[in-house]
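>>> just the structure for this:
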Amino acid sequence: MHAITSNNMSGSPESHNVTEIFNTYQAQLRGFISKRVVSKDDCEDILQNVFYQLSKVDPLVNPINQISGWLYAVTRNQIADWSRKQKKEEMPVVTREDDEFLTEVTEILLLDDESPETTYLRSIVWTELDAALEELPPLQREVFELTELQGFSFKEISESTGIPVNTLLSRKRYAVLYLRERLKNLYDDLLSD
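The predicted model follows:
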């Protein structure tokens with residue numbers, strides 16, 4: 001770490017007052033972090049970590065020459081660490097079976113054919129799908145409906161809700177796994193045709 005001397009702060013170069021520095025810089029740093037981190041909780045955690053790092057600095061051993069520069073450097077490092085941690089979360093994998101299931105269901109629901117057989121098949125799929133969707137946790141149901149039935153991309157949903165794409169992908173994956181199991185018999189009938 002670098003040295004701590006006061007930069008527009010009262011006190012000698014040998015000492016620093018974390019509370020005074022916090023009161024002076026916390027609003028600026030919070031704004032800086034919130035432009036890069038969507039979650040308010042994560043933003044607050046990063047801010048606290050920055051000032052925790054400051055509290056660990058011994059100004060006699062490692063004086064900080066410019067406090068604002070030091071704070072922003074530590075903040076950038078904390079944001080980078082947070083970002084790396086987010087990327088390490090396992091991305092849910094969509095399997096071939098999931099793709100087949102979604103394709104089969106979507107094709108039936110969107111068929112242009114208005115024959116009595118197709119109309120009947122579509123009504124069965126809608127009825128079963130509606131019942132199964134009602135059983136899903138609300139957040140999983142919402143992302144499934146937005147992506148599969150309303151055609152929104154994960155990026156669009158993420159931008160409008162502030163929910164990370166990985167979280168949305170995970171929710172949809174769980175929804176698809178449940179729906180595939182719940183509609184297994186209907187799915188098997190569709191594949192056997």
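>>> switch to C-alpha atoms for all contacts and neighbour counts from now on
Will do.
>>> find the nearest non-adjacent residue to the residue nearest to the spatial centre of the chain, please.
Per C-alpha atoms, centre = their mean, the C-alpha nearest to the average position across the chain is that of Pro164, at 2.0 Å. Spatial nearest neighbour of Pro164, excluding adjacent residues (C-alpha to C-alpha, 6 or more residues apart in numbering): Ser158 at 5.7 Å.
>>> ok now the helix or strand hosting the one you found, how far from the chain's centre?
In this structure, Ser158 sits in helix 154-161 according to DSSP states H and E. Computed by C-alpha atoms, centre = their mean, to the nearest Å, the separation of helix 154-161 from the middle of its chain amounts to 10 Å.
>>> and that helix, what does it pack against?
Applying 3 or more C-alpha pairs under 8 Å, 6 or more residues apart in numbering; DSSP states H and E, one finds that helix 154-161 makes contact with helix 165-182.
>>> following element in sequence after the helix or strand bottoming out on mean pLDDT in the chain, please.
Ranking every helix and strand in the chain by mean pLDDT, DSSP states H and E puts helix 96-109 at the bottom, with a mean of 61. Tracing the chain past helix 96-109, the next element assigned as helix or strand by DSSP H and E is helix 116-135.
>>> now that next one and helix 165-182, what's the angle there?
When axes from the mean of the first three to the mean of the last three C-alpha atoms, to 10 degrees is applied, the directions of helix 116-135 and helix 165-182 differ by 120 degrees.
>>> helix 116-135 - contacts with which helices or strands?
By 3+ C-alpha pairs under 8 Å, 6+ apart, helix 116-135 packs against helix 96-109, helix 165-182.
>>> now do the buried residues in the longest helix anywhere in the chain.
The longest helix of the chain (DSSP state H) is helix 67-88. For helix 67-88, burial by neighbour count (16 or more other C-alpha atoms under 10 Å) applies to Ile67, Ser68, Trp70, Leu71, Tyr72, Val74, Thr75, Arg76, Gln78, Ile79, Trp82.
>>> again, but for stretch 141-158
Arg141, Glu142, Val143, Phe144, Leu146, Thr147, Glu148, Phe154, Ile157.
>>> end to end on it, go ahead and measure it.
End-to-end distance for stretch 141-158, by C-alpha to C-alpha, to the nearest Å: 15 Å.
>>> ok, now stretch 32-40?
12 Å.
>>> repeat that for stretch 58-78.
End-to-end distance (C-alpha to C-alpha), stretch 58-78: 20 Å.
>>> Thr147 contacts Ser153, correct?
Yes. The criterion here is C-alpha atoms under 8 Å, and Thr147 meets it with Ser153 at 6.0 Å.
>>> give me the below-cutoff pLDDT ranges for the chain.
Applying pLDDT under 70 to the chain flags the ranges 1-16, 86-113, 118, 187-193.
>>> hmm, 80 instead?
Applying pLDDT under 80 to the chain picks out residues 1-16, 38-39, 59, 83-122, 124-125, 149, 183-193.
>>> alright, I will stop here.
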